[in-house]
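1. output the structure for:
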Amino acid sequence: MERPAHAKVNLWLNVVGRRADGYHRLDSLVAFVDLADRVEVVPSDRLALALDGPLAGALAAEPDNLVLKAARLLADRAGVSPRVAIRLSKHVPVAAGLGGGSADAAAALRALVDLWRIAMPEEELFDLAARLGADVPMCLAGRAAFVSGIGERLAWAPPLPPAAILLVNPRKALATRDVFAARAGAFSPERPQPSGWSSLDDLARLLAERGNDLLPPALALEPAVGAVLAQLRTGPARFAGMSGSGATCFALYETLDLARAAAAALPAGWWSHAGRFVGG
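-> Coordinates of the predicted model:
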């Protein structure tokens, strides 16, 4: 069994409050792109994880990958033994604001439900996903959605307008915990979700209005984010912003050719991916 783990992009991200337990309340528009890790599962006599892919080295030092936690949690809920060999092929940058680890966990859940032939209602699977992390339910859904709560509340968004997207990371990692800890000032107001967008320009205007409340603390922690945004805003992009807690930034273009041309003009050493949205 093999499943893709698509990278997620926060097209806007507002922090609208904080719960008593310390978790921040969010308002975000999340979409998924054609960049993806791959999760493969095969029967085994024990639980094991193998890593490969161009970015596997960033995970080599992790004592317990989130896909292993997903396997153990699902096995415990279903009453089966977690005997499976998992191969994770890593293509999404780590600690980059693209939800790579959460997407991997969601893909592992989907693959293992099929491998172990578990009859589980979607609601129960989403409950398990939420126990693994705030971003895992949205990655389990894998489609454009308005996200609220701490990330676990999803409402399907209207189809996104045709567009190409360029993801750029200056090869800098930013820990989500650190970025939220550095956030200061008032919270954003809670606003009703838009009913849709008539064009890419219409969506771009909305993204510019909503913005990303984590950009100021991310810039303070990693000034290279500002250099990426400055580069993206010099070209024909309809909008450029930062995804999640960074350090990955994105730009939207009318065509894939324009996105690829912008990628070719980036400074040497930066990571990039030019592609399209997936999942509606």
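2. any low-confidence regions in the stretch 1-150 of the chain?
-> Residues of the stretch 1-150 of the chain meeting the criterion pLDDT under 70: 60-63.
3. 80 instead?
-> Residue ranges of the stretch 1-150 of the chain with pLDDT under 80: 58-64.
4. where exactly do the strands run in it?
-> Using DSSP state E, counting those that start in this stretch, the strands of the stretch 1-150 of the chain run over 2-18, 24-43, 48-52, 84-89, 145-148.
5. CSV please, covering those and showing mean neighbour count and distance to Pro121.
-> In this view, the C-beta of every residue, glycine as well, is placed from N, C-alpha and C. Putting those into CSV (neighbours: other CB atoms under 10 Å; distance: least, CB to CB, whole Å) gives the following:
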stretch, mean neighbour count, distance to Pro121
strand 2-18, 22, 19
strand 24-43, 21, 21
strand 48-52, 14, 27
strand 84-89, 21, 22
strand 145-148, 20, 19
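6. export those strands to TSV and append columns for distance to Val67.
-> Converted to TSV, the strands of the stretch 1-150 of the chain look like this (distance: least, CB to CB, whole Å):
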stretch	distance to Val67
strand 2-18	9
strand 24-43	6
strand 48-52	6
strand 84-89	6
strand 145-148	22
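7. any idea which of these gets closest to Leu229?
-> Smallest distance to Leu229 across these (CB to CB): 14.6 Å, for strand 2-18.
8. show me where the stretch 151-280 of the chain has helices.
-> 176-182, 200-210, 215-221, 224-232, 256-264 (DSSP state H, counting those that start in this stretch).
9. follow-up on the earlier one: which of the strands of the stretch 1-150 of the chain sits closest to Lys172?
-> strand 2-18 (16.8 Å).
10. could you list the domains of the protein?
-> 2-155, 158-278 (automatic domain parsing).
11. which one of those is the most hemmed in?
-> domain 2-155 (a mean of 19; mean count of other CB atoms under 10 Å).
12. off-centre distance for it?
-> Here domain 2-155 shows a centroid-to-chain-centroid distance of 10 Å under the convention CA atoms, centre = their mean, to the nearest Å.
13. straight-line length of that domain, end to end?
-> End-to-end distance of domain 2-155 (CA to CA, to the nearest Å): 27 Å.
14. now do stretch 210-219
-> 18 Å.
15. now it: average pLDDT?
-> In this model, stretch 210-219 has a mean pLDDT of 97.
16. could you list the residues in contact with that stretch?
-> 10, 12-15, 27, 29, 174, 179-184, 188, 225-226, 241-247 (CB atoms under 8 Å, 6 or more residues apart in numbering).
17. got the contact list for Ala5?
-> Ala5 neighbours (CB under 8 Å, 6+ apart): Ala36, Asp37, Arg38, Val39, Val92, Gly100, Ala103, Asp104, Ala106, Ala107, Cys139.
18. just those now: which is nearest Ser195?
-> Looking across these and measuring by CB to CB, the closest to Ser195 is Cys139, at 25.1 Å.
19. surely the closest one meets Gly100?
-> No - between Cys139 and Gly100 there is no contact under CB atoms under 8 Å: 9.2 Å.
20. which of the helices of the stretch 151-280 of the chain sits closest to Pro43?
-> Taking CB to CB, helix 176-182 is the member of the helices of the stretch 151-280 of the chain nearest to Pro43, at 34.3 Å.
21. elements contacting the closest one?
-> Secondary-structure packing of helix 176-182 (3 or more CB pairs under 8 Å, 6 or more residues apart in numbering; DSSP states H and E): helix 215-221.
22. so how far is the helix it packs on off the chain centroid?
-> The answer for helix 215-221 is 19 Å, by CA atoms, centre = their mean.
23. now do the same for Leu200: its pLDDT.
-> So Leu200 comes in at 97 (pLDDT).
24. not counting sequence-adjacent ones, nearest residue to Glu190?
-> Val16 (4.9 Å; CB to CB, 6 or more residues apart in numbering).
25. how near is that neighbour to Arg25?
-> For Val16, the distance to Arg25 (CB to CB, to the nearest Å) stands at 5 Å.
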